[in-house]
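Asks: Take this sequence and fold it.
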Amino acid sequence: MALETWLNKVKKTIAQSFVTVRSAGAPRAKTAVIKKSSVGVLAFEISGLMSKLLHLWQFLSEKNMMRIRNESICTEGVRKIVSNDDAFLLGLACAEIVENLRLVAKSLSRMSKRCEDSHLRSFDRLFTEFANTGRDPYNWVLSLKDMELKIKKMDQFVTTTALLHRQMDELSVLENSLKKASNSNTNSHFNDSDISIKEQKILELRQKYLWQKQEVKYLKERSLWCRSFDTVASLLARSIFTTLARIKLVFGINHGYPNSLPRSLSASATVYPSENHNTCNFVSGPLMNNPPPILKVSDHEFFESNTKLLKPPTSTLGAAALALHYANLIIVMEKMIRSPQLVGVDARDDLYSMLPNSVRSSLRSRLKGVGFSASDPVLAGEWKDALQKILGWLSPLAHNMIKWQSERSFEQQNLVPKTNVLLLQTLYFANQEKTEAAITELLVGLNYIWRFEREMNAKALFECTNFNNFLNLKHSSN
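Replies: Sure thing, here's the model as predicted:
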């Protein structure tokens with residue numbers, strides 16, 4: 001009995017010593033540290049932030065700035081129903097880009113709280129201070145050359161992390177297939193040959209699973225997955241600071257220029273209006289010493305000023321929450337005008353039910369005194385030409401509104417925008433009264449060509465019926 005007690009004590013002592021050795025082993029401690037400091041599964045969210053930041057930087061390229069200067073703010077639709085003030089339109093473009101950057105910075109601010117570096121944990125305060133005053137105490141603003149290197153690095157991270165996501169999905173599929181095959185093989189009652197075939201398939205699946213597991217491990221080491229919060233936050237913080245500096249430089253905001261971003265490298269991409277605000281000609285070439293600011297910003301309200309500028313005036317469709325509705329309405333009318341002969345009575349009634357009361361009232365007043373006949377082909381042709389001209393400048397704004405909204409829907413909010421559509425190119429800032437006048441004109445013209453097509457079809461059907469009756473009478477008389 002005493003011998004058994006002594007043996008039990010020896011066993012317990014040996015077991016405890018093994019546990020102590022394992023817990024004190026260097027590899028286990030190292031693994032725990034890596035797991036704690038690495039971003040892990042947050043790599044996919046961080047990759048999304050990097051993608052958005054890359055898109056913003058590319059949007060600030062000279063090519064896109066030229067497009068904004070010479071095309072976006074000069075389109076007929078923007079000039080007719082949004083504004084013909086160059087400074088206002090460029091201010092809207094700048095404010096929207098700054099707001100997109102602020103949202104990326106807001107996400108980084110939440111993530112930076114996990115960093116060990118106290119400067120990175122203070123990113124939110126430092127970024128606001130930099131935006132308001134241009135102060136960069138830790139030299140986070142990069143030169144254009146260094147920024148391009150960071151862009152390439154982030155692009156590689158985004159690509160590798162996206163590949164990791166796909167490979168992890170495939171690993172999960174293989175794991176489930178392997179479990180399913182193993183369970184079916186255990187519970188099945190087949191002859192030896194069938195069992196051998198199944199075991200061979202299981203071996204193949206297990207080999208694929210092991211290969212895929214190694215691939216995932218390799219990609220984790222190369223992607224954002226194994227990077228520390230400090231490493232990732234530092235890369236994003238410097239890029240965000242530099243992007244804001246680029247925005248201020250490009251749009252001629254005349255305070256807080258950082259010395260680390262040479263003006264000469266970006267002079268050809270500078271955007272600000274010329275002295276003649278009624279034309280689409282802009283100053284190009286080297287920056288002037290004191291370029292006129294687009295945003296009137298005090299020293300302590302940079303982001304607040306942008307937010308106020310993006311708030312639509314009371315006279316606009318955005319303020320009335322009608323921008324998206326009118327965009328859909330215009331697109332429906334566009335399809336009907338393109339093929340009026342295919343529009344039935346039900347579709348016409350559905351279109352009428354989409355009209356707000358203000359448009360209905362305007363339409364009724366326009367249609368007063370209009371006859372029921374629509375048989376003049378010349379007038380129908382004139383209406384078709386007039387409608388095409390209106391759609392030529394109104395339809396692009398409607399389609400841009402749909403694109404802009406769809407890219408910012410809940411389902412797409414984590415994805416990178418596929419277009420470079422700005423709010424100023426949509427119906428959001430469009431004058432409600434002018435837009436409704438154009439829509440009413442489209443409805444009046446659509447009403448005429450729709451009735452014209454129906455009368456022409458009815459006339460053709462009547463003539464065809466009479467001709468058939470004539471042939472039948474002639475055949476019966478013979």
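
Asks: Residue ranges of each domain in the protein, please.
Replies: 41-176+228-275+294-309, 323-467 (automatic domain parsing).

Asks: Could you say which of these is packed most deeply?
Replies: domain 41-176+228-275+294-309 (a mean of 18; mean count of other Cβ atoms under 10 Å). (Glycine included, C-beta is placed from N, CA and C.)

Asks: Give the rounded mean pLDDT of that one.
Replies: Averaged across domain 41-176+228-275+294-309, pLDDT comes to 86.

Asks: and what of stretch 392-410?
Replies: Rounded mean pLDDT across stretch 392-410 is 91.

Asks: I would like the residues contacting it, please.
Replies: With contact meaning Cβ atoms under 8 Å, 6 or more residues apart in numbering, stretch 392-410 is reached by 75-78, 80-82, 323-324, 326-328, 330-331, 334, 412, 415, 417-419, 421-423, 425-428, 430, 435, 438, 442.

Asks: Tabulate the CA atom coordinates of that stretch in PDB.
Replies: Listed in PDB are the C-alpha atoms of stretch 392-410, where the atom choice follows Å, rounded to 0.1, in the frame of the first residue of the first chain:
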ATOM      1  CA  GLY A 392     -28.500  64.600 -73.300                       C
ATOM      2  CA  TRP A 393     -27.600  66.800 -70.300                       C
ATOM      3  CA  LEU A 394     -30.100  65.600 -67.600                       C
ATOM      4  CA  SER A 395     -29.700  61.800 -68.000                       C
ATOM      5  CA  PRO A 396     -25.900  61.700 -67.100                       C
ATOM      6  CA  LEU A 397     -26.700  63.300 -63.800                       C
ATOM      7  CA  ALA A 398     -29.400  60.800 -63.100                       C
ATOM      8  CA  HIS A 399     -27.200  57.800 -63.900                       C
ATOM      9  CA  ASN A 400     -24.300  59.300 -61.900                       C
ATOM     10  CA  MET A 401     -26.700  59.600 -58.900                       C
ATOM     11  CA  ILE A 402     -27.500  55.900 -59.100                       C
ATOM     12  CA  LYS A 403     -23.800  55.000 -59.400                       C
ATOM     13  CA  TRP A 404     -22.900  57.200 -56.500                       C
ATOM     14  CA  GLN A 405     -25.600  55.900 -54.200                       C
ATOM     15  CA  SER A 406     -25.100  52.200 -55.100                       C
ATOM     16  CA  GLU A 407     -21.400  52.400 -54.300                       C
ATOM     17  CA  ARG A 408     -22.300  53.800 -50.800                       C
ATOM     18  CA  SER A 409     -25.000  51.300 -50.000                       C
ATOM     19  CA  PHE A 410     -24.800  49.100 -47.000                       C
END
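
Asks: can you list the domains of the chain in a markdown table and add distance to residue 184?
Replies: Below are the domains of the chain laid out as a markdown table (distance: least, Cβ to Cβ, whole Å):
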| stretch | distance to residue 184 |
| --- | --- |
| domain 41-176+228-275+294-309 | 12 |
| domain 323-467 | 37 |
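
Asks: wait, which of those domains is closest to residue 315?
Replies: domain 323-467 (5.7 Å; Cβ to Cβ).

Asks: what sits against residue 157?
Replies: Residue 157 touches 47, 50, 223-224, 227, counting by Cβ under 8 Å, 6+ apart.

Asks: That one: what secondary structure?
Replies: Using DSSP: H, G, I helix; E, B strand; the rest coil, the structure places residue 157 in helix.

Asks: and the nearest residue to residue 59 once chain neighbours are set aside, helix, strand or coil?
Replies: Once flanking residues are discounted, residue 59 sits nearest to residue 420: 6.0 Å by Cβ to Cβ, 6 or more residues apart in numbering. Three-state call for residue 420 (three-state DSSP): coil.

Asks: Need phi/psi at residue 420.
Replies: With angles defined as degrees, to the nearest 10, residue 420 sits at phi -110, psi 40.

Asks: picking that back up, between the domains of the chain, which gets nearest to residue 219?
Replies: Across the domains of the chain, residue 219 has its closest neighbour in domain 41-176+228-275+294-309 (4.1 Å, Cβ to Cβ).

Asks: How far off centre is that closest one?
Replies: When distances are taken as Cα atoms, centre = their mean, to the nearest Å, domain 41-176+228-275+294-309 is centred 14 Å away from the chain's centroid.

Asks: Same question for stretch 219-227.
Replies: Worked out by Cα atoms, centre = their mean, stretch 219-227 lies 26 Å from the chain centre.

Asks: likewise stretch 450-459?
Replies: From the chain centre to the centre of stretch 450-459 is a distance of 44 Å (Cα atoms, centre = their mean).

Asks: picking up where we left off before, between the contacts of residue 157, which is nearest residue 56?
Replies: If you rank the contacts of residue 157 by distance to residue 56 using Cβ to Cβ, residue 50 comes first, at 10.7 Å.
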